[in-house]
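Asker: generate a structure from the sequence data that follows.
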Amino acid sequence: MYRDKYRQNPSYDEPFNLFPPHSVNSSREAVAPYPIEDANEVINPIPVFTSSTTNSHSTTPTRRNHDRYEMPFQYAEPGLDPLMTSSHVRVPPSLSTPTDSSFPREVHVGTPLNEAMVPPPPYEESEARILQEKAYRVESPPQEIQEPLPAAPQAQAQRQAQRQAQPQAQPQPRSKDRHKGVERERDLSEYSPKAIEFYKVYKATVEDSTNFTHSIQMKWCETLLEYAFDDEFLSHYNINAEKLKRTLRPEESLKNQKVILGHSFRVLTKLVSHKCGSAMYLMGTLYSHQPYLQIKNKNIVDRNDKKALEYYCRAAKTNHSDACYRAGVCFEYQRGTPAEEFTKERALQKAFQYYERGAVHCANSSCMYKLGMFYLYGLSGQQDPLEALQWFKRASEGGKSTQALYELGKIYEFTSLPPQVQSILTRYNINRDPATALKYFHKCAMEYDYPLAQWKLGYCYEFGELQLPVIAKKSIAWYAKAALAQPKGNPMAMLALSGWYLTGAPDVLKPNDKEAFKWASRACEASDGKLSRAEYALACYHENGIGCHRNLTEARIHFETATRLGHIKARDRLEKGF
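Answerer: Below is the predicted model:
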């Protein structure tokens, strides 16, 4: 029933998540034009589904003779300042941001907390300053020792005898040398592997304290942002990469986090003022809530697509590769672009310019892929399939862009493209070539584990497309690979598995309505409710009680969702009085 009524040939206009019927005749035989020994393992059964600058005045004590960023590690411990809450900086409860004029100008400081809200000092007097950023108060060099005046020979001999009689004290190693920037070696035997990595970055940064080398400081800033949300690190180590004498209590860990997070923004702000492209790009990712760092809490600052785009554009001017791509994406989908200033056509032209910059000047494969799409579909007013082919081929070299490799397969598959694109391809003497299409799809699926290409091979083996034979075993195996891919699997492959579980396959898979329902549900979840066929299929399962208890309310919800997504049968079903 499902395979006849609900499974349709999907649209392949674009890969899913750009950041990505008939009964099976198992006896049908055909000769594949491209020999493929793929998916030898039989998945039977398939694994069961398991359920601007602030006006506030800093109270930080003023350091003598130099700005804190000339010596980036010299500033007072934030806990000594009045603790402040911020209307724009999002941090965990009880975690506040110290007042300081060197915060990013967009991070505004709010009102002081009252005394009762300030956590008590976490240590005894001997440990009271352990959370302070003492590594950033570089010790002064020792004063030069004046040579003593020559003494009388008799007195000199007497002192010499006294020195020889006394035990010689071993010289104590200095913790740091201000001018040489050398940090003494530590005993790391009790450090965790992550703490050792933090110490290595910390040590390199201390040694760079008088230079402020952008690459070193960026690594320090990125490390601080990531470790600021590592609970294990926060409870056992401080910003100076020192192992604490005891495990911190939760409120103490929050204070430790505040110190680390606050300094990361200070370093980042200084780098931005130096027009460091990587720093401007990082700032943009934080404002767009899409940081490339492994940060648990992505809401460090309020989301602001306009400011994110501004930082991406500033970073792109320095030929920062990823910034060119993200600026192009923002313009393409008009995120952060004022509607009154940018029409859709103008926004696409700007997107094309940034993609071209990233492709030509930065050799960015994602930008090359986007240029190929723009030339293939004429998105910026220029439609040239030959240019599209060249950019797709350059982007896919060495597997740099699996999306581009997949698009090459689609071009030679031909029939999955919109009619107007097929017409342009024909005009340029680019015609259907199943063998070449299959070669690209197979390479993409087998060598680079691209889920969309794996789904495509499953589809071809199910319906005999691209001159492949119908082989249920291989179809299910490829669908399973795509559906179980990390991080969340391909929704179309999940929906295809739902269909296979509904009908079963002789000698390969037994029918299982519950598994069919679960895979359809999972397809809806993985697609975030944006795959119309999955919504329609799930509505039908609820309506007929297939693999679940009959639920007409749920059925209507999914029919309505599918209708909003443009599913014609779902719309007809509602119009007929469901």
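Asker: make it CA atoms for all contacts and neighbour counts henceforth
Answerer: Noted.
Asker: which helices and strands sit right next to the host helix or strand of residue 330?
Answerer: In this assignment (DSSP states H and E), residue 330 forms part of helix 321-332. Under the contact definition 3 or more Cα pairs under 8 Å, 6 or more residues apart in numbering; DSSP states H and E, helix 321-332 sits against helix 305-316, helix 344-362, helix 365-377.
Asker: tell me the most buried of the ones you listed?
Answerer: helix 365-377 (a mean of 25; mean count of other Cα atoms under 10 Å).
Asker: after it, next one along is what?
Answerer: helix 385-396.
Asker: buried set for that next one?
Answerer: Using 16 or more other Cα atoms under 10 Å as the burial criterion, the residues of helix 385-396 that qualify are 385-389, 391-396.
Asker: using TSV, lay out those residues together with distance to residue 305 and pLDDT.
Answerer: Conversion of the buried residues of helix 385-396 to TSV gives the following (distance: Cα to Cα, whole Å; pLDDT from 0 to 100):
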residue	distance to residue 305	pLDDT
385	33	96
386	35	97
387	32	97
388	30	97
389	33	97
391	29	98
392	29	98
393	32	97
394	31	97
395	28	97
396	30	96
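Asker: where does pLDDT dip in the protein?
Answerer: 1-184 (pLDDT under 70).
Asker: swap the cut-off to 80 and go again
Answerer: Low-confidence segments of the chain (pLDDT under 80): 1-185, 577-578.
Asker: re earlier: got CSV for the helices and strands packed on helix 321-332, with distance to residue 488 too?
Answerer: Listed next are the helices and strands packed on helix 321-332 as CSV, based on distance: least, Cα to Cα, whole Å:
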stretch, distance to residue 488
helix 305-316, 26
helix 344-362, 28
helix 365-377, 21
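Asker: quick one, which of those helices gets closest to residue 279.
Answerer: The closest of the helices and strands packed on helix 321-332 to residue 279 is helix 305-316. By Cα to Cα, the value is 8.0 Å.
Asker: what is that closest one packed up against?
Answerer: Using 3+ Cα pairs under 8 Å, 6+ apart: helix 305-316 touches helix 277-287, helix 321-332.
Asker: summarise which helices and strands the longest helix belonging to the chain is packed against.
Answerer: Assignment by DSSP state H gives helix 250-273 as the longest helix of the chain. Helix 250-273 is packed against helix 214-227, helix 231-234, helix 277-287, with contacts defined by 3+ Cα pairs under 8 Å, 6+ apart.
Asker: in TSV, list the helices and strands packed on helix 305-316 along with distance to residue 576 and mean neighbour count.
Answerer: Below are those laid out as TSV (distance: least, Cα to Cα, whole Å; neighbours: other Cα atoms under 10 Å):
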stretch	distance to residue 576	mean neighbour count
helix 277-287	46	26
helix 321-332	39	25
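Asker: can you put these in TSV and add distance to residue 420?
Answerer: Converted to TSV, those look like this (distance: least, Cα to Cα, whole Å):
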stretch	distance to residue 420
helix 277-287	37
helix 321-332	21
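Asker: out of those helices, flag the one nearest residue 258.
Answerer: helix 277-287 (17.3 Å).
Asker: okay, the closest one in PDB with CA atoms only?
Answerer: In PDB, the C-alpha atoms belonging to helix 277-287 read as follows (Å, rounded to 0.1, in the frame of the first residue of the first chain):
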ATOM      1  CA  GLY A 277      40.500  38.400  10.000                       C
ATOM      2  CA  SER A 278      40.200  35.200  12.100                       C
ATOM      3  CA  ALA A 279      39.000  37.300  15.100                       C
ATOM      4  CA  MET A 280      36.400  39.100  13.100                       C
ATOM      5  CA  TYR A 281      35.200  35.800  11.700                       C
ATOM      6  CA  LEU A 282      35.000  34.300  15.200                       C
ATOM      7  CA  MET A 283      33.000  37.300  16.400                       C
ATOM      8  CA  GLY A 284      30.600  36.900  13.500                       C
ATOM      9  CA  THR A 285      30.000  33.200  14.300                       C
ATOM     10  CA  LEU A 286      29.300  34.100  17.900                       C
ATOM     11  CA  TYR A 287      26.700  36.700  16.800                       C
END
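Asker: what angle separates it from helix 321-332?
Answerer: 40 degrees (axes from the mean of the first three to the mean of the last three Cα atoms, to 10 degrees).
Asker: many thanks, have a good one.
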